[in-house]
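Colleague: Model the structure of this input:
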Amino acid sequence: MSGVKLTENIELSWTKSEAAVEYLIYRKKAGEDTFTKIAVVSGSDNTTYSDFNLIADSYYYYHVVAGGVIRNNKIL
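Modeller: Numbering: from 1, shown residues only. Predicted coordinates:
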C-alpha cells in the first residue's frame, strides 16, 4: 500500500488472513530508508487501521503483515 495524502489521516484496509491472530502495521515516509512499526491490530476480522497526524501532500508507504499465525491449531 502506498499513496499521497491530501489530508492528515488515512484509513488502510486489507484482505483478511484466515491464519492471522493480529496484523502488524509498518509505515515509512518518502525518502526514509526503513519502515517503522506503528501499530498492532488485534483479531483476524479487524482489517482496517486509521493513521492520523500525517503531513498533508506527503507520500507514505505501508506494509501490513499477518502476525501470530495459526498453524495446526497453534499460534506461532
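
Colleague: doesn't E8 make contact with I55?
Modeller: Yes: assessed by Cβ atoms under 8 Å, I55 is found in contact with E8 at 7.4 Å. Where C-beta positions appear, they are placed from N, C-alpha and C, glycine not excepted.

Colleague: Verify the stated contact: L24 with G68.
Modeller: No: L24 is beyond contact range of G68, at 9.3 Å (criterion: Cβ under 8 Å).

Colleague: For the protein, which residue occupies the most central location?
Modeller: By Cα atoms, centre = their mean, the mean C-alpha position of the chain lies nearest to I25, the distance being 2.9 Å.

Colleague: List the backbone torsions phi and psi for the residue nearest to that residue when sequence neighbours are not counted.
Modeller: Computed as Cβ to Cβ, 6 or more residues apart in numbering, the closest residue to I25 that is not its neighbour in sequence is A39, at 4.2 Å. Here is the backbone geometry of A39 (degrees, to the nearest 10): phi -170, psi 160.

Colleague: and A39, how far is that from D57?
Modeller: Per Cβ to Cβ, to the nearest Å, A39 is found 23 Å from D57.

Colleague: More neighbours: the two, which one.
Modeller: Legend: neighbour count by other Cβ atoms under 10 Å for A39 and D57, higher for A39 (15 against 9).

Colleague: which residues touch the more buried one?
Modeller: If you count contacts by Cβ atoms under 8 Å, 6 or more residues apart in numbering, A39 has them with L24, I25, Y49, D51.
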